[in-house]
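*Asks:* What shape does this take:
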Amino acid sequence: MTLLAIETSCDETSAAVVRDGRVLANVVSSQIALHAEYGGVVPELATREHLRNLVPLAQTALREARVTAKQLDALAATRGPGLPSALMVGLKAAQAMAFALRKSFLGIHHHEAHLYSPWIGGDPPVADFASFQPNVSLIVSGGHTMIVHVEAELKHRLLGSTVDDAAGECFDKVAKLIGLPYPGGPALEKLAEGGNPRAFDFPRPMLNEPSDDLSFSGLKTSVRYFLRDHPEILNDGRRLGDLCASVQAAILEVLVTKTVRTAKRLGLRCVTASGGVTCNRALRKELAAACGKNALTLRLAEKNLCTDNAAMIGILAERKMLRGDAATPLDAEIHASWDLE
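*Replies:* Next up, the predicted model:
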């Protein structure tokens, strides 16, 4: 099966060509520079950029894969969740192509695609579902943070999620409080590299709660009050690094501890992680250390597949079609607030 997949759920436009579990092309256009001026994603600007970039990116993906539109067997696109106007660009474009080519179309849940991105790897990327094992999956990004029990391939159950801010949102908001440029998370991570993570003791919200839910709003507020009382830190390079390292340590301890604890409670031997924040080097290191200590197998999404991309959309769509899932109607609408079921 040869499939063209499209992803436009937020501020990255992506098109990928997938054939028989292999990613033949995966092209991504980032909008970071466009939104930096505003300190965050502006939905209207994101939508305009998707409209400008989608057709050239799809053409590039097909050209890199050496595939023509007529050779496609199916099309797929992210149906949700995401920014409504951004989602519509990709979904409606893919539906229109499917109609014109008389091919099947499948709308994909963005988070479900993240669940299986740790099972894609190599150069060129190939899906390795032969190695699949039941796992606890951490999806952590700027908009979402959740812990999911993946019981079997294409069978999962949401165990817990953030009750307020996502982990990535906490990174970005703290970065904004200390005056770092957008996107704040990577900038904070860079400053944290030379800092002392035990210099300041920030709260670990819900760390010891029995549920699998998470919370990061209180941590952000704690940092805001700390900076109000200690504004001089912003002008002290060494202490600012310590502050960033301490905030990062608090976020990561919650993510790692709750994920590993959940896996142990369920008697599972595998942990996976995906989403944009999984690019964070310290998170990858802490997860590896915790899983090693508890004899757990760890599968991390490759960094180029952690952020939004069409390759993971295409791999999941192909898998679902091979299983016999019904095609998505060509007049189906977006699901901007689609819950992971």
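
*Asks:* switch to C-alpha atoms for all contacts and neighbour counts from now on
*Replies:* Noted.

*Asks:* Please name the bridge partners of the nearest residue to residue 114 once chain neighbours are set aside.
*Replies:* Excluding its sequence neighbours, the residue lying closest to residue 114 (CA to CA, 6 or more residues apart in numbering) is residue 274, at 5.9 Å. For residue 274, the beta-bridge partners are residue 139 (DSSP bridges).

*Asks:* Now the strand or helix carrying residue 88 - C-alpha only, CSV.
*Replies:* Assigned by DSSP states H and E, residue 88 falls within helix 84-101. Only the C-alpha atoms of helix 84-101 are listed here, as CSV (Å, rounded to 0.1, in the frame of the first residue of the first chain):
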residue,chain,number,x,y,z
PRO,A,84,-9.7,24.1,14.3
SER,A,85,-8.7,26.3,11.3
ALA,A,86,-5.3,24.6,11.0
LEU,A,87,-6.9,21.1,11.1
MET,A,88,-9.3,22.0,8.4
VAL,A,89,-6.6,22.9,5.9
GLY,A,90,-5.0,19.4,6.0
LEU,A,91,-8.2,17.4,6.4
LYS,A,92,-10.1,19.1,3.6
ALA,A,93,-7.1,19.0,1.2
ALA,A,94,-6.7,15.2,1.8
GLN,A,95,-10.4,14.6,1.4
ALA,A,96,-10.4,16.6,-1.9
MET,A,97,-7.5,14.6,-3.2
ALA,A,98,-9.1,11.3,-2.2
PHE,A,99,-12.3,12.4,-4.0
ALA,A,100,-10.4,13.4,-7.2
LEU,A,101,-8.3,10.3,-7.2
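
*Asks:* Show residues contacting it.
*Replies:* 5-11, 43-44, 46-47, 50-51, 54, 69-70, 74-80, 104-105, 107, 330-331, 333-336 (CA atoms under 8 Å, 6 or more residues apart in numbering).

*Asks:* Please name every helix or strand in contact with whichever helix or strand comes after that helix.
*Replies:* Next along the chain after helix 84-101, taking DSSP H and E as the criterion, comes strand 104-109. Packed against strand 104-109, as judged by 3 or more CA pairs under 8 Å, 6 or more residues apart in numbering; DSSP states H and E, are the following elements: strand 74-80, helix 84-101, helix 310-323.

*Asks:* Tell me which residue is most central in this protein.
*Replies:* In the chain, the residue lying closest to the centroid (CA atoms, centre = their mean) is residue 275, at 2.3 Å.

*Asks:* For it, list the residues it contacts.
*Replies:* Counting by CA under 8 Å, 6+ apart, residue 275 has contacts 114, 139, 140, 141, 301, 306, 307, 308.

*Asks:* What is the lowest-pLDDT residue among the residues you listed?
*Replies:* pLDDT across the contacts of residue 275 is lowest for residue 141, at 91.

*Asks:* Isn't that one up against residue 166?
*Replies:* Yes. With contact defined as CA atoms under 8 Å, residue 141 counts as touching residue 166 (6.9 Å).

*Asks:* I figured residue 111 was touching residue 340, is that so?
*Replies:* Yes. Using CA under 8 Å, residue 111 is in contact with residue 340, at 6.9 Å.

*Asks:* If you count surrounding residues, which of those two has more?
*Replies:* Applying other CA atoms under 10 Å to residue 111 and residue 340 shows that residue 111 carries more neighbours, namely 22 against 15.

*Asks:* any idea how far the spatially closest residue to residue 2 that is not a sequence neighbour is from residue 137?
*Replies:* Nearest residue to residue 2, sequence neighbours excluded (CA to CA, 6+ apart): residue 19, at 4.4 Å. According to CA to CA, to the nearest Å, residue 19 and residue 137 sit 26 Å apart.

*Asks:* The two: who's more crowded?
*Replies:* residue 137 (30 against 19).

*Asks:* Which residue, neighbours along the chain excluded, lies closest to that one?
*Replies:* residue 272 (4.6 Å).

*Asks:* Test my guess that the one you found contacts residue 299.
*Replies:* Yes. Using CA under 8 Å, residue 272 is in contact with residue 299, at 4.6 Å.

*Asks:* Touching both of those two, which residues are there?
*Replies:* Common neighbours of residue 272 and residue 299 (CA under 8 Å, 6+ apart) are residue 118.

*Asks:* okay, these two: which has more neighbours?
*Replies:* residue 272 (25 against 19).

*Asks:* Could you confirm that one falls within a strand?
*Replies:* Yes. Secondary structure of residue 272 (DSSP: H, G, I helix; E, B strand; the rest coil): part of a strand.

*Asks:* for it, what are its contacts?
*Replies:* 115, 118, 135, 136, 137, 138, 298, 299, 300, 301.

*Asks:* can you tell me how far it sits from residue 81?
*Replies:* To residue 81, residue 272 is 21 Å away according to CA to CA.
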